[in-house]
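# could you work out the structure for the sequence below:
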Amino acid sequence: MNGKIPITIVGVEKLRAELQELKSVRRPAIVNAIAEARAHGDLAENAEYHADKERQSFVEGRIAELESKLANAQIIDPGQIHADGRCVFGATVELEDTNSGDTVTYQIVGDDEADIKQGKISISSPLARALIGRSPGDVAEVRAPGGVHEYEILDVKYV
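I've put the predicted structure just below:
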């Protein structure tokens, strides 16, 4: 990975917790399972051994991925942002769908922490890209497979 990856403090803590769990719990458990499977004899026909080796490969790959992401993380504290009311990474934005009148609130976060059910949208999503740099009162146009949607920005908070 080249370049810095923007991530909030909450997002980086989740990645660190996952990394810690993989290294201290899952990796040792898999090593023990492989040793136990190896003790059963013929490895060529030992399905448990092959399944455990596959799990080990997945866990080691995920550890390497998390370590790389953390090494390249640009940690952003939304509470320390001073963007004069503009939509920026980490901002929490209240929007009104100009067609339906529905209001929604989203925080613009990194790709790894995006979760629409928790109101977190990825910085690389079409909606976030349309919002970046805009201020309350502006209307953002988002092209989606279902057509163009317009959202009026009601409020921008840095929390």
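
# okay, CA-based contacts and neighbour counts for the rest of this
Fine.

# may I have stretch 120-130 exported as PDB, CA atoms only?
Taking Å, rounded to 0.1, in the frame of the first residue of the first chain, the C-alpha atoms of stretch 120-130 are listed here in PDB:
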ATOM      1  CA  LYS A 120     -20.800   5.600   8.700                       C
ATOM      2  CA  ILE A 121     -20.100   6.000   5.000                       C
ATOM      3  CA  SER A 122     -16.800   5.500   3.300                       C
ATOM      4  CA  ILE A 123     -14.800   8.500   2.100                       C
ATOM      5  CA  SER A 124     -14.700   6.800  -1.300                       C
ATOM      6  CA  SER A 125     -18.400   6.300  -1.600                       C
ATOM      7  CA  PRO A 126     -20.300   8.400  -4.200                       C
ATOM      8  CA  LEU A 127     -22.300  10.200  -1.500                       C
ATOM      9  CA  ALA A 128     -19.200  11.100   0.500                       C
ATOM     10  CA  ARG A 129     -17.400  12.300  -2.700                       C
ATOM     11  CA  ALA A 130     -20.400  14.500  -3.500                       C
END
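
# I'd like the distance from it to the chain centre, please.
12 Å (Cα atoms, centre = their mean, to the nearest Å).

# what's the answer for stretch 26-41, then?
How far stretch 26-41 lies from its chain's middle: 32 Å, per Cα atoms, centre = their mean.

# which of the residues in that stretch are buried?
26-27, 30, 33-34, 37 (16 or more other Cα atoms under 10 Å).

# how about stretch 107-123?
In stretch 107-123, counting by 16+ other Cα under 10 Å, buried: 107-111, 113-114, 120-123.

# can you tell me the average pLDDT over that stretch?
Across stretch 107-123, pLDDT averages out at 95.

# would you point out the most distant pair within the buried residues of stretch 107-123?
Gln107 and Asp111 (12.0 Å; Cα to Cα).

# grab the most central residue of this structure for me.
Asp112 (1.7 Å; Cα atoms, centre = their mean).

# count of residues packed around Arg86?
21 (other Cα atoms under 10 Å).

# next, count neighbours for Lys23.
By other Cα under 10 Å, the residues close to Lys23 number 15.

# kind regards, and thank you for your time.
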